[in-house]
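Novice: A structural model of the following input is requested.
(one chain, ligands or ions: 1)
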Amino acid sequence: MPQNTHIKKPATDSFAEASAEAKAHSEQLKTQIVQAIEHSEGKISFANYMNLALYAPGLGYYSAGLKKFGRQGDFITAPEISPLFSQCLAIQCNHIMQQSGQQILLEIGAGSGIMAIDMMLELERHNSLPEQYLILELSAELIDRQQSAIKARLPHLYERFTWLNRLPEKPFKGIIIANELLDAMPVHLLKLQAGKVSERFVALDPQQNFIWQDDAPSDVRLEKIAADIQTQHQTLDTLNDMPQRAYITEVNLLAMDWLKSIADILQAGAVLLVDYGYTAKEYYHPQRYMGTLMCHYQHHRHDDPFYLPGMQDITSHVNFSQVAQTAIEAGMKVCGFTTQAHFLMAGGLVELTRDLDPDDVLQFTETARQIKMLTLPEEMGELFKVILLAKGKPLSLPAFQFQDFSHRL
Ligand SMILES: C[S@@+](CC[C@H](N)C(=O)[O-])C[C@H]1O[C@@H](n2cnc3c(N)ncnc32)[C@H](O)[C@@H]1O
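Specialist: As a prediction, the model looks like this:
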């Protein structure tokens, strides 16, 4: 699970040794990335590198058949920790269905399919099944896994599921949900040092190892964001104290483009996104001078994205202010922003656990453990946030009524 702190790459001998097959797989992907760099005059943006490392067909971390989620994988997500997470989301989606009249759910990046299963079971319990549950997934291997799991657990509801390989056509009416989607989108890297702004690209040394190369930003939006960051830092007057220290951070241009596409196709309905991240003020705080880029390999966190490409997850935190600003500029409304803990506590968690039998010690302690992981501030409770965007009618959900931090965005 991601954390706020920056973690150095542990000695590789603290990982279980990658198998010969895994190393060969990574070498194959490395060759493909090397070719991409050679075909692009010696350097590619980090976003391009990350896109290949995660999504190169058949070889990228998410596209190949690796077991990523859960205890045997590299990291664990909230729906894998406890069905309570998906049950609360389902209860909130039910409120959205009632308020907006929309009857289609679209989950983007559905992982193992567990969130879809637990949400549909909860909606069935409330007699509020949506007409359709669409899943947009990029990875063929994950689609297989999702289909097998849903067939096994929900054979009677399988007909309601449809898999998509791209966003639906315009005009779409429905509720779009995603857990840990934006953090898996490739990011550009910015470097600010002594008043100079550059972008970090990936190049090759003479032995064809990946190295950093700094150059002028490849997109005007990066320059605009760099200027905003410099203003923020000047206001805090800290850069003057450390003029030599490089400040490196991420910009998720893909998330901005993705949100614009969503706003464009969504005629009426809502978007509910859960992810780890901060508001812009926290995200670009001068103290976060090494950014939030992070890699996960066998439940170790480290900061070397060039380590075993294709075998490890690469991720960065989400800038929720940028999400909100992009959504508003694209014609959506922000209807709520809060921490995962507040969202779950106000969104049904208390009611869902009310009937737990304290005499069933095993179940009781296991559920208590799950709730702690989902809600404690030092676990996922505070770092993870939930944002609700709407097109058409504004929405009001109980889950944001406890604490709504939209004013901080
Ligand atoms: C960190 S995993 C989260 C999986 C799952 N939602 C969970 O919580 O366990 C990120 C997921 O997002 C998917 N993904 C990333 N970018 C995407 C995009 N542009 N469209 C659809 N899916 C995407 C990946 O294939 C992967 O399934």
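
Novice: Which residues of the stretch 1-150 of the chain lie near the ligand?
Specialist: Listed as neighbours of the ligand in the stretch 1-150 of the chain under the rule CB under 6 Å from any ligand atom: 62, 69, 77, 79-80, 108-111, 136-139, 142. For glycine as for every other residue, the C-beta is placed from the backbone atoms N, C-alpha and C.

Novice: Now do the contacts for the residue nearest to Pro377 when sequence neighbours are not counted.
Specialist: Spatially, and ignoring its direct neighbours in sequence, Pro377 is nearest to Ala341 (7.0 Å; CB to CB, 6 or more residues apart in numbering). Residues in contact with Ala341 (CB atoms under 8 Å, 6 or more residues apart in numbering) are 374-377, 380-382.

Novice: Could you point out the helix or strand that follows the helix or strand encompassing Ala341?
Specialist: Using DSSP states H and E, Ala341 sits in helix 340-344. Per DSSP H and E, the first helix or strand lying C-terminal to helix 340-344 is helix 350-353.

Novice: Give me the neighbour count for the residue nearest to Glu122 when sequence neighbours are not counted.
Specialist: With sequence-adjacent residues excluded and distances taken as CB to CB, 6+ apart, Glu122 is closest to Ala90, at 3.7 Å. Neighbour count for Ala90, taken as other CB atoms under 10 Å: 26.

Novice: in the host helix or strand of Ala90, what counts as buried?
Specialist: Assessed by DSSP H and E, Ala90 sits inside helix 83-100. With burial defined by 16 or more other CB atoms under 10 Å, the residues of helix 83-100 counted as buried are 83-97, 100.

Novice: Also stretch 299-314?
Specialist: In stretch 299-314, counting by 16+ other CB under 10 Å, buried: 300-302, 304-314.

Novice: now do stretch 395-402
Specialist: 395, 397, 399-400.

Novice: Filter those to keep only those in contact with the ligand.
Specialist: Okay, of the buried residues of stretch 395-402, nothing touches the ligand (CB under 6 Å from any ligand atom).

Novice: Let me see the backbone angles for Ile108.
Specialist: When quoted as degrees, to the nearest 10, the phi and psi of Ile108 stand at phi -110, psi 130.

Novice: What residues are bridge-paired with Ile135?
Specialist: Applying DSSP bridges to Ile135 gives these bridge partners: Glu107, Trp163.

Novice: ok now do it, which residues does it touch?
Specialist: With CB under 8 Å, 6+ apart, Ile135 has these contacts: 106-108, 110, 113, 116, 143, 146, 161-164.

Novice: And Gln312, by the same measure?
Specialist: Contacts of Gln312 were listed using CB under 8 Å, 6+ apart, and they are 61, 74, 295-297.

Novice: Let's have the residues you listed in TSV, adding pLDDT and secondary structure.
Specialist: Below are those laid out as TSV (pLDDT from 0 to 100; DSSP: H, G, I helix; E, B strand; the rest coil):
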residue	pLDDT	secondary structure
Tyr61	92	coil
Asp74	71	coil
Cys295	95	strand
His296	89	strand
Tyr297	85	strand
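
Novice: which one of the residues you listed has the most neighbours?
Specialist: Counting by other CB under 10 Å, top hit in these: Tyr61 with 28 neighbours.

Novice: Chain neighbours aside, what residue packs nearest to that one?
Specialist: Closest residue in space to Tyr61, ignoring its immediate chain neighbours: Leu54 at 4.8 Å, by CB to CB, 6+ apart.

Novice: give me the element that neighbour is part of.
Specialist: helix 46-55.

Novice: Pull out the buried positions in that helix.
Specialist: Buried residues in helix 46-55 (16+ other CB under 10 Å): 46-55.

Novice: Check stretch 130-147 too.
Specialist: 130, 133-139, 141-143, 145-147.

Novice: so of the residues you listed, which ones are in strands?
Specialist: Using DSSP state E, 133-136 are the members of the buried residues of stretch 130-147 that sit in strands.

Novice: Against Glu107, how distant is Cys88?
Specialist: 15 Å (CB to CB, to the nearest Å).

Novice: Next: Pro217.
Specialist: Applying CB to CB to Pro217 and Glu107 gives a distance of 34 Å.

Novice: Just want to know which of these two has more residues nearby.
Specialist: Shown here are Pro217 and Glu107; by other CB under 10 Å, Glu107 has more neighbours (24 against 21).

Novice: is it true that the more buried one touches Ala116?
Specialist: Yes - with contact defined as CB atoms under 8 Å, Glu107 counts as touching Ala116 (5.7 Å).

Novice: who touches both of these two?
Specialist: 133, 135.

Novice: Just give the number of residues close to the closest residue to Arg408 other than its chain neighbours.
Specialist: Once flanking residues are discounted, Arg408 sits nearest to Thr279: 5.1 Å by CB to CB, 6+ apart. Thr279 has 19 neighbours, counted by other CB under 10 Å.
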